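1. Below are the sequence and a predicted model for it; my questions follow.
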Amino acid sequence: MTINAAPLAAIFVAAVMLSSCATTSEPTPSTPTSTRTSPSPTAIAEALAEIPGFTTTAINAVDVYPTFTNAQFSDVTAAIVNQKGDPVLRVVVGRLESGTSDAFVETFLSDLSARMAQANPPKTVATELEQLDGHSVTHFHVSLGTEGYTYAQGSNVAIAISTGGPESDASRDAFTRILANLA
């Protein structure tokens, strides 16, 4: 089997092959409900609507990562973020139906690590805490592959997987702007 050399494509193909829940359907519109202690429903819905210097194409949460489903969220938006016509991120931003965003992110990173350990050849996932414009995020790196970011606050989560390769400045810039939209 030939796998596209693009790092994200290899990770996504491996993840889809390992997942039995990877299905695609039309994006489901959000039905916002929340309090003002976290980003407003409008902020979730509009987090990906306007990102200066970037364009977006709506997708489903499962198109960002195969274990994500729109049903996990009370409010969700997902998109491919493009710059100058080239994709730089696949991102999901949402408010969890139940549980905390810290636990959701931990489960995501554990699942990603397990999937990459089973890849051929096996890969490792390293994480480090960073600050992006005042927001605490986890920056993850897949060996010989891609990178991404996770953000967790209360029941709100944002997870982005770069399509621009390791250390993509456009990915970092886009995710920073998405987080600013949540404020």
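-> It's in. Source: prediction; values computed, not measured. Residues are numbered from 1 along each chain as shown.
2. ok, which stretches of the protein are strands?
-> Counting by DSSP state E, the chain has strands at residues 55-58, 73-83, 86-96, 125-132, 135-142, 147-153, 156-162.
3. Please name whichever of those strands is nearest to A180.
-> Ranking these by proximity to A180 (Cβ to Cβ) places strand 135-142 first, at 8.3 Å. Every residue, glycine included, has its C-beta placed from N, CA and C.
4. who touches that closest one?
-> Contact with strand 135-142 is made by 7, 11, 105, 109, 112, 116, 123-131, 147-152, 166, 175-176, 179, as judged by Cβ atoms under 8 Å, 6 or more residues apart in numbering.
5. same deal with stretch 175-183?
-> The contact list for stretch 175-183 (Cβ under 8 Å, 6+ apart) reads 39, 43-44, 46-54, 81, 89, 91, 93, 132-133, 135, 137, 149, 151, 156, 158, 160.
6. picking that back up, now the buried members of the contacts of strand 135-142.
-> For the contacts of strand 135-142, a burial check counting by 16 or more other Cβ atoms under 10 Å picks out 7, 11, 105, 109, 112, 116, 123, 125, 147-152, 175-176, 179.
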